[in-house]
Structures are given as C-alpha cells and as structure tokens.
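K.L.:
Structure for this input, please:
(one chain, ligands or ions: 1)
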Amino acid sequence: MLFNCICISFSPADKHTKQVRAGSGVLEFRNISHAYGDRLAVENVSLKARAGEVTCLFGPSGCGKTTLLRLAGGLMPVQAGEILLDDELIGGKGRDIAPEKRAVGLVFQEGALFPHLTVAKNVAFGLSGPDKQAKAAELLALVGLAGFEKRYPHTLSGGQQQRVALARALAPEPRVLLFDEPYASLDTQLRRDLREQARRMIRRTGTIGIVVSHDPEEVLEMADSIVVLEEGRLRQSGSPAQIHDQPATEKIAAMFGNGQLLPADYSDGAFRHVFGDWSATCLSGPEPVPGPVSLVVRPDALELVKDANGYPVVDVRLAGVTMTVHVEAPGGEGLRVSVARSAGIEPGERVRPMPVPAGIFAFARSEA
Ligand SMILES: Nc1ncnc2c1ncn2[C@@H]1O[C@H](COP(=O)(O)OP(=O)(O)OP(=O)(O)O)[C@@H](O)[C@H]1O
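P.N.:
Residues are numbered from 1 along each chain as shown. Presented below is the predicted three-dimensional model:
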C-alpha cells in the first residue's frame, strides 16, 4: 500500500486518448517479475487490463499488488518482463518511459492533495491552456463538487477529498487510472458511493482502471475483472462471477463469500465431519478423490433444520435482512449460517446445518 504519496503523474491527452476512449485500449503485463534485494515480490505475472473497465488486483497484504501498480505507473524500472500500452512497450527491455510521459493517473489514500492549493487549483494542476479552470470546474461538477472550487483540502471531508483526487487524476485525460486502496480509510457507505462514481467515470471516459484492494466485497462490487495474487503469483483471474462461483483454490473460495473451512473426509459419496454427514450433492465443482478434504462453507450455502439431537445454537446476530446463526460442534468448532429473520431461531435451540445443493466447495487436503 502506498500512503500519503503526492504522486499524480500523467501527460496531457495525446493521440492515443481517442482510441482508448473508444474502448480499445489495453494495458498488458507480460511475464513480470520483481525483486527487492534478493526477495522476489512478483513472479512471472501476466495480465491484461482493458479500457472502460475496472481491473482489480486482489490478494492479502504483501502479495505484490502495489508493486505491480508502481511498475505500471513507471515509479520503478521493470526488472523482468514487459509492460505494454496498446501494444507499445512502456516498461521493460531497458525501455522505461518516465511516469509523466505515460498518461497514467494515480489515486491513493488520503493526503494526496496539495494542501496549499484550492480545490480548483488542485484539479487544474498539470493542465495547461486558458480553459484549465473551466475544465477543473466541469470535472468538479462531474464528481458532485460544483461550488467547491475555492475551498482548501483541509476544509473537506475525507470523501470529498477523494472525489477531488479523482477529478484531478481524470483532468489530463489519462489513458490509465491506478487506484491504490483509495477508500480504505472511509466509512462503508461513502466507500460504496465513491467506488460507484469511480467506476462510472472509468466507463464513461474509456479509461483503463486498475484498482488495488484486499477487500473482497469491494472487489466484487467494483471490478469487471479480478486478478487474484498470492505470494507474488497470479492464482486466478476472471469476472467477479467466475471468481466467486468457481474459485480455483481453497483460499479464494474462503475469501469471497465469507467462506468457512471445515475439515472432512470424503468417501462413498459423502463428506463426514464434526457437523455430521453431507451427501456429495452439496458439491459445487469437481468431485474430490476420496480422502481428507477441506470444505469451504459459505454461510448462505447452509440451511438449518431444527432437531433435538442436533447441535446447539450459541449466538444469533442480526445481519441486515438476514440473521447469522452460530452453531457449535461438540469439540467447540463453530459454523456460521445465514438464515431469514423469519426463521425464528433462538440461542439454546438445537439444529442440524444442512448444505444447499451445489453450495459447497471441496479441496484436497494433504494431511490426514
Ligand atoms: N521498497 C521495498 N523494499 C523491500 N521490500 C519491499 C518494498 N516494497 C515492498 N516490499 C515487499 O514486497 C512484497 C510485496 O509488497 P507490495 O507492497 O507489493 O504488496 P501489497 O500486496 O501491495 O501489500 P499491501 O496490501 O500490504 O499494501 C512484500 O513482501 C513487501 O514487504
């Protein structure tokens, strides 16, 4: 994650802008590897981000997301592999185009605005020509901040500052917009509004949007395409639906959809575990080989059957239109189950968690 980095780099709209705006631009990472000293942070990553779309780089802390973003922005030279913008080499093979010549805009966490400049001057920074103030005003209106031109950053809320940062990044009509966890410090509703706004602007302007995030909810909401990284390697890429519905690994299955890991043994078409036996009809994806498996169980992939011989409900929490019921196995293992509020389940009752058909993921487990 890059913090408080005043680093908006771009070049004015160039001959390629029209092409990108028409929706044909692609930013491509080809076999990118990057090491800090002798420590490999990114290993042989290839991906394409397309114009008018949001591509989210997703993964746990330290998996290499920011490193890829910095390489795309030209903030570090490419050590191995190539970065191409519309088939033109911009980084790699000894050719590293300077950040200010890349037509790339960066949006970071709070603190990215120039504190001594008004909102309008922040947005117009880097623009030239007599109409730059008019253009700044137009962009501020687009991000819902008409009338804020003369204010200074410290008089704005965090969300307003981020909208100014978005307007400023968009001002020079960059071909690529890079976002590094830009809304991480803001409250949920504001984050949702700002994501939506950034998404609309990227679509409308035909910009290539790349967003770094470790928040699965944010990624599912914002992305057209998700790239999942683990320890510097690309683990899976695809649409939000593909990543959510056909996760390639146990970790990905668990990260999206609040998955819970449940060790089980698979044999004779049934999974045996601390909450009883489940038939293999619960399985989403390929059948595992018989033996130890890890089941990934999402709270909304289970139903609760009231059963005096079942497992105790130890807690019930409100979760919007649903309730989250915590069920406990004899050994203390817990399972969260999402049920309708009308289900009328109370702590102390006994229930049996049963999977909905095709709702559970199973992955081979090496240890017995
Ligand atoms: N300047 C640096 N010097 C040495 N190691 C670094 C440097 N920057 C990053 N790293 C290391 O490289 C790896 C990848 O870091 P990177 O910042 O790309 O991860 P990230 O996925 O963006 O993490 P986060 O979500 O925490 O920001 C980490 O192990 C990190 O410690």
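
K.L.:
how does the protein divide up, domain by domain?
P.N.:
17-249, 258-364 (automatic domain parsing).

K.L.:
so which of those comes closest to the ligand?
P.N.:
domain 17-249 (3.2 Å; Cβ to the nearest ligand atom). Backbone N, C-alpha and C define where each C-beta goes, glycine included.

K.L.:
I'd like the mean pLDDT over the closest one, please.
P.N.:
In this model, domain 17-249 carries a mean pLDDT of 89.

K.L.:
For that domain, what is the distance to the chain centroid?
P.N.:
Averaged C-alpha coordinates place domain 17-249 at 12 Å from its chain's average position (Cα atoms, centre = their mean, to the nearest Å).

K.L.:
which of the domains of the chain is buried the deepest?
P.N.:
The highest mean neighbour count among those, using mean count of other Cβ atoms under 10 Å, belongs to domain 17-249: a mean of 19.

K.L.:
what sits up against the host helix or strand of A136?
P.N.:
If you go by DSSP states H and E, A136 is part of helix 132-142. Under the contact criterion Cβ atoms under 8 Å, 6 or more residues apart in numbering, helix 132-142 has outside partners 119-121, 123-124, 127, 146, 148-149, 164, 167-168, 170-171, 201.

K.L.:
where along the stretch 251-368 of the chain do the strands fall?
P.N.:
260-267, 270-273, 276-279, 291-297, 302-319, 322-328, 334-340, 350-355, 361-364 (DSSP state E, counting those that start in this stretch).

K.L.:
Which strands and helices lie in contact with the longest one?
P.N.:
Going back to what we said before, that points to strand 302-319. Contacts defined by 3 or more Cβ pairs under 8 Å, 6 or more residues apart in numbering; DSSP states H and E place strand 302-319 against strand 322-328, strand 334-340, strand 350-355.

K.L.:
Can you add distance to the ligand and give the strands of the stretch 251-368 of the chain back as JSON lines?
P.N.:
Conversion of the strands of the stretch 251-368 of the chain to JSON lines gives the following (distance: least, Cβ to the nearest ligand atom, whole Å):
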{"stretch": "strand 260-267", "distance to the ligand": "22"}
{"stretch": "strand 270-273", "distance to the ligand": "33"}
{"stretch": "strand 276-279", "distance to the ligand": "35"}
{"stretch": "strand 291-297", "distance to the ligand": "22"}
{"stretch": "strand 302-319", "distance to the ligand": "27"}
{"stretch": "strand 322-328", "distance to the ligand": "27"}
{"stretch": "strand 334-340", "distance to the ligand": "26"}
{"stretch": "strand 350-355", "distance to the ligand": "33"}
{"stretch": "strand 361-364", "distance to the ligand": "23"}
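
K.L.:
nearest to L234, of the ones you listed?
P.N.:
Ranking the strands of the stretch 251-368 of the chain by their distance to L234 (criterion: Cβ to Cβ) puts strand 361-364 first, at 18.5 Å.

K.L.:
Report the distance from the closest one to the chain centre.
P.N.:
24 Å.

K.L.:
right, and out of the contacts of helix 132-142, which lies closest to L177?
P.N.:
Nearest to L177 among those is L170, at 7.2 Å by Cβ to Cβ.

K.L.:
Quick check: the closest one touching A198?
P.N.:
No: at 9.4 Å, L170 does not count as touching A198 under the criterion of Cβ atoms under 8 Å.

K.L.:
hmm, stretch 222-237 touching the ligand?
P.N.:
No: applying Cβ under 6 Å from any ligand atom, one finds stretch 222-237 separated from the ligand by no less than 6.8 Å.

K.L.:
got the CA positions of that stretch in PDB?
P.N.:
Extracted C-alpha coordinates of stretch 222-237, given in PDB (Å, rounded to 0.1, in the frame of the first residue of the first chain):
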ATOM      1  CA  MET A 222     -16.300  -2.700  -8.300                       C
ATOM      2  CA  ALA A 223     -14.500  -5.000 -10.700                       C
ATOM      3  CA  ASP A 224     -15.200  -6.000 -14.300                       C
ATOM      4  CA  SER A 225     -12.200  -8.300 -14.000                       C
ATOM      5  CA  ILE A 226     -10.400  -9.700 -10.900                       C
ATOM      6  CA  VAL A 227      -6.800 -10.800 -10.700                       C
ATOM      7  CA  VAL A 228      -6.100 -12.800  -7.500                       C
ATOM      8  CA  LEU A 229      -2.500 -12.800  -6.300                       C
ATOM      9  CA  GLU A 230      -0.900 -15.000  -3.700                       C
ATOM     10  CA  GLU A 231       2.700 -14.500  -2.700                       C
ATOM     11  CA  GLY A 232       3.600 -12.600  -5.800                       C
ATOM     12  CA  ARG A 233       2.000 -15.200  -8.200                       C
ATOM     13  CA  LEU A 234      -1.200 -14.900 -10.100                       C
ATOM     14  CA  ARG A 235      -3.600 -17.600  -8.800                       C
ATOM     15  CA  GLN A 236      -6.800 -16.900 -10.700                       C
ATOM     16  CA  SER A 237      -8.300 -14.200 -13.000                       C
END
